[in-house]
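# Just need the structure, nothing else, for what follows:
(6 chains)
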Protein chains: 6
Amino acid sequence: MPTVPMIEYVDASDEVRAIYDDIMTTRQIDWLNNFWKVLAHHPPTLRRTWESIKAVMAPGALDALTKEMVYLAVSVTNGCAYCIASHGAAARKAGMTEAMFGELMGVVGMANETNRLANGYRVPIDPMFD
Amino acid sequence: MPTVPMIEYVDASDEVRAIYDDIMTTRQIDWLNNFWKVLAHHPPTLRRTWESIKAVMAPGALDALTKEMVYLAVSVTNGCAYCIASHGAAARKAGMTEAMFGELMGVVGMANETNRLANGYRVPIDPMFD
Amino acid sequence: MPTVPMIEYVDASDEVRAIYDDIMTTRQIDWLNNFWKVLAHHPPTLRRTWESIKAVMAPGALDALTKEMVYLAVSVTNGCAYCIASHGAAARKAGMTEAMFGELMGVVGMANETNRLANGYRVPIDPMFD
Amino acid sequence: MPTVPMIEYVDASDEVRAIYDDIMTTRQIDWLNNFWKVLAHHPPTLRRTWESIKAVMAPGALDALTKEMVYLAVSVTNGCAYCIASHGAAARKAGMTEAMFGELMGVVGMANETNRLANGYRVPIDPMFD
Amino acid sequence: MPTVPMIEYVDASDEVRAIYDDIMTTRQIDWLNNFWKVLAHHPPTLRRTWESIKAVMAPGALDALTKEMVYLAVSVTNGCAYCIASHGAAARKAGMTEAMFGELMGVVGMANETNRLANGYRVPIDPMFD
Amino acid sequence: MPTVPMIEYVDASDEVRAIYDDIMTTRQIDWLNNFWKVLAHHPPTLRRTWESIKAVMAPGALDALTKEMVYLAVSVTNGCAYCIASHGAAARKAGMTEAMFGELMGVVGMANETNRLANGYRVPIDPMFD
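Numbering: from 1, shown residues only, chains lettered A, B, ... in the order given. So this is what the prediction gives:
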């Protein structure tokens, strides 16, 4: 059960509805993730989060697929079940194949392992990288 | 100071030296990261870690640059200073521009933020993703 | 399913029952969180954890509401579902309004984001803070 | 050494300088944290991060001191050295006394401890909180 | 629901089945954890992960029970529900009693607490340990 | 620089000095870690933390060496530099050999890796462990 009830489109204020419309238009979808329906309880957070996500996830120097895979890698590292499910789906929609997902998880796993080996052995940063 | 002294090439056993050689040949470099010189104290860990890294980071369904950026994203999320320095350098060597780095950090930051919004609001997984 | 069965008040030893009584008296409630019923399997941990929580959460230089919100902020950052649910409820009971919760999540989210930006850019600590 | 050189005020573009001016005016200070001078390498991130921080940290339903203490609690949990130093200083400037800091660390410590006890014992969420 | 369907023994390729056989032979069991059935979608990850786990978890300078308890301690710290369940069971099978589990959770909890106290107070490393 | 100046034995209050004495007597040492000298600024935290550590780390169902290695494993997972240094030293003093340390890091690394594979693949808990 979410912390707050979800606000459906038909029950939303004009302010929230305008953001909902922008989300659906930008993403070319006709439904809304639960994430947005919950954030709608605090419209400043809904607006700020959406504006940031829209800016950050737009293709630029990095393409949309790479961005979704990075988002997924972070979510997996943090163990956020909701984000793993939603950004896993988004990455697949953006073109992530099973082979790409398999390799992505391999990199995420090894990075999490070697991060701890570097910590545990207290490896000094190589002079040319410092 | 590292937990154990670093083992230089000239001081390494034949077993370790063979792995050092494979690292330098595979990466087409003529020096070794401190990471490997420290792991060399436990040859099974050195061998296993290098074999895994070699397999996981080789280009496949994902290219080398994407893999290095994912590695960096995980290391930044975990706050591993050594790994941020070394994989930041590796990503740049593989072609990451300043613009790409800027966008990468933007995605990593937003993912870490929204992971917590999803946690805090206890957002239920959308039925189509469950 | 918890790792160990929960120990109800009627089934508890005298030692555990005394702690249960102190929890209910201190908090002015007539029931016990599952957390305590599970810890009761290891009475030293139950006693030590309760004594610490009682000391740490008592109003002092910080009021009870601020303490519950900080507890919630940490639990959200760590992604502990049980703690988010129970300390979210405790914070509300202590007076956290929806507006306060919305702002709290905003701060928690931004802190998690900027923690990673500071990591990723390897920002040096400002001299006056070092 | 930061990942990118820091951009001082005198060397900043008009776009960056306008943000720098807004930071100093809003905070009523005459200098800039290293954090902003590093983010300035990617002006969209600088702008977005500052606009979000300005909105999130402004007093509202929660006062500025509470917000700074929550920020510090998250940074301590994540182990971000830069953020602990800068937000520790900011919290003190906003009125955090040594006694408040001592209690804050007590709460942060216990939350991190009990988050793991709840994980390890797999405590089921209490029905009234689910 | 897992990200990918689980591959049962009867549906597995020869390559996967050989790994499944090695897992069951090594562990002297006649069934397979869901973990392996899911990894089987990416055979290189299945093989690499199993070979690493087999090497790392074999008794050596540390006995099997100590290794399982360390694995559990890490999983509890990271909040990985699957790993807490499976390695909790494995530790019990290897001989962990309730008293040992209670003490283990006590240590894990205190380490997570004092890690944050050390962070928050920015305690300098003692000269003889640096 | 620590957040607060360290309180040396000669400058300590009677209350703090009594705790310092108990730490040195219990551990059979004639000096104090920086950790305690910093916590001394908030005597209730110093007392509570020491009493908890003393209880939790005393040999019981688990021996002192196992407890120190678990403490180290958690600290490595969290990336706490101070705790890695001090508990690494404590584990060595309690009898951890280089071979044991090498195997310990191997387990810590693999646990951190497979925790993320289990997250990323959303592996369902095996029925007999649920």
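# Any residues of chain A in contact with chain C? List them.
Residues of chain A found near chain C (C-beta under 8 Å from any C-beta of the partner chain) are A:Thr3, A:Val4, A:His41, A:His42, A:Pro44, A:Thr45, A:Arg48, A:Thr49, A:Asn78, A:Gly79, A:Cys80. C-betas here are computed from N, CA, C, even on glycine.
# again, only using 7 Å
A:Thr3, A:His41, A:His42, A:Thr45, A:Asn78, A:Gly79, A:Cys80 (C-beta under 7 Å from any C-beta of the partner chain).
# Next up, the contacts around the residue nearest to A:Ala64 when sequence neighbours are not counted.
Residue nearest to A:Ala64 in three dimensions, not counting chain neighbours: A:Ala94, with 5.1 Å by C-beta to C-beta, 6 or more residues apart in numbering or on different chains. Shown in contact with A:Ala94 (C-beta atoms under 7 Å, 6 or more residues apart in numbering or on different chains): A:Ala64, A:Leu65, A:Glu68.
# The second one against A:Met96, yeah?
Spelled out, it's A:Leu65. Yes. Here A:Leu65 reaches A:Met96: they are 6.4 Å apart, a contact under C-beta atoms under 7 Å.
# what about those two, which has more around it?
Just comparing A:Leu65 and A:Met96: by other C-beta atoms under 10 Å in any protein chain shown the higher neighbour count belongs to A:Met96, 21 against 18.
# quick one: what helix or strand has that one in it?
A:Met96 is located outside every helix and strand, with elements delineated by DSSP states H and E.
# is chain B contacted by stretch A:117-130?
Yes. Judged by C-beta under 7 Å from any C-beta, stretch A:117-130 and chain B are in contact via A:Leu117, A:Ala118, A:Asn119, A:Gly120, A:Tyr121, A:Arg122, A:Val123, A:Pro124, A:Ile125, A:Asp126, A:Phe129, A:Asp130.
# can you count the residues close to the first one?
Translated: A:Leu117. As a measure of burial, A:Leu117 has 24 neighbours, counting by other C-beta under 10 Å.
# any idea how far A:Asp11 is from it?
Separation of A:Leu117 from A:Asp11 (C-beta to C-beta, to the nearest Å) stands at 51 Å.
# OK, contacts around the closest residue to chain E within chain A?
Across chain A, no residue is closer to chain E than A:Gly102, which sits at 3.0 Å (C-beta to the nearest C-beta). Going by C-beta under 7 Å, 6+ apart, A:Gly102 touches E:His41, E:His42, E:Thr45.
# Report the mean confidence score over stretch A:79-88.
Mean per-residue pLDDT for stretch A:79-88: 98.
# ok, and does it reach over to chain D?
No. Applying C-beta under 7 Å from any C-beta, one finds that stretch A:79-88 is not in contact with chain D, the shortest distance being 10.4 Å.
# hang on, the earlier thing: now do the same for the residue of chain A closest to chain E: its pLDDT.
Confidence score, pLDDT, at A:Gly102: 98.
# now swap in A:Asp30 and tell me
Looking at A:Asp30, its pLDDT stands at 95.
# So it sits against A:Asp21, correct?
No. A:Asp30 is beyond contact range of A:Asp21, at 11.0 Å (criterion: C-beta under 7 Å).
# Between these two, point out the one with more neighbours.
Each of A:Asp30 and A:Asp21 has its neighbours counted (other C-beta under 10 Å); A:Asp21 has more, 12 against 6.
# which residues in chain A form helices?
A:14-27, A:34-39, A:43-57, A:64-78, A:81-93, A:98-120 (DSSP state H).
# any idea how far A:Phe35 lies from chain B?
To chain B, A:Phe35 is 5 Å away according to C-beta to the nearest C-beta, to the nearest Å.
# neighbours of that residue, just the number please.
By the criterion of other C-beta under 10 Å, A:Phe35 has 25 neighbours.
# Quick check: it touching B:Arg122?
No. Applying C-beta under 7 Å as the test, A:Phe35 and B:Arg122 come out as separate, 11.2 Å apart.
# still on that earlier bit, how near is the residue of chain A closest to chain E to A:Cys80?
Using C-beta to C-beta, one gets 21 Å for the distance from A:Gly102 to A:Cys80.
# contacting residues for the residue nearest the centre of chain A?
Most central in chain A under C-alpha atoms, centre = their mean is A:Tyr71, positioned 4.6 Å from the mean C-alpha point. Each residue near A:Tyr71 by C-beta under 7 Å, 6+ apart is listed here: A:His87, B:Val107, B:Ala111.
# Would you reformat these as TSV and include distance to A:Val56?
Shown next, in TSV, are the contacts of A:Tyr71 (distance: C-beta to C-beta, whole Å):
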residue	distance to A:Val56
A:His87	13
B:Val107	6
B:Ala111	9
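# between the residues you listed, which has the most around it?
Result: B:Ala111 is most packed of the contacts of A:Tyr71 (other C-beta under 10 Å), 29 neighbours.
# Count residues in the vicinity of the residue nearest to that residue when sequence neighbours are not counted, would you?
Leaving out its chain neighbours, the residue that sits closest to B:Ala111 by C-beta to C-beta, 6+ apart is A:Val74, at 3.7 Å. For A:Val74, the count of nearby residues is 28 (other C-beta under 10 Å).
# List the contacts of the closest residue to A:Lys37 other than its chain neighbours.
With sequence-adjacent residues excluded and distances taken as C-beta to C-beta, 6+ apart, A:Lys37 is closest to A:Met6, at 3.8 Å. A:Met6 sits next to A:Asn34, A:Lys37, A:Val38 when contact means C-beta under 7 Å, 6+ apart.
# Name the nearest of the residues you listed relative to chain F.
A:Asn34 (16.8 Å).
# and the closest one, how far is that from A:Met6?
6 Å.
# can you check A:Gln28 too?
22 Å.
# Repeat that for A:Leu72.
With C-beta to C-beta as the criterion, A:Leu72 and A:Met6 are 24 Å apart.
# before we move on, what about A:Asn78?
When A:Asn78 is compared with A:Met6 (using C-beta to C-beta), they lie 23 Å apart.
# just A:Asn115 next, same as before
Distance of A:Asn115 to A:Met6, computed by C-beta to C-beta: 36 Å.
# May I ask which of the residues of chain A next to chain C has the most neighbours?
Going by other C-beta under 10 Å, A:Asn78 tops the residues of chain A next to chain C with 26 neighbours.
# residues in contact with that one?
With contact set as C-beta under 7 Å, 6+ apart, A:Asn78 has these partners: B:Thr77, B:Asn112, B:Asn115, C:Gly79.
# near chain A too, which of those residues?
Answer for these near chain A (C-beta under 7 Å from any C-beta): B:Thr77, B:Asn112, B:Asn115, C:Gly79.
# Let me have those in JSON lines, extended by distance to F:Val16.
Output for the ones next to chain A among the contacts of A:Asn78, formatted as JSON lines (distance: C-beta to C-beta, whole Å):
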{"residue": "B:Thr77", "distance to F:Val16": "38"}
{"residue": "B:Asn112", "distance to F:Val16": "38"}
{"residue": "B:Asn115", "distance to F:Val16": "40"}
{"residue": "C:Gly79", "distance to F:Val16": "36"}
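# That concludes my questions; thank you for your assistance.
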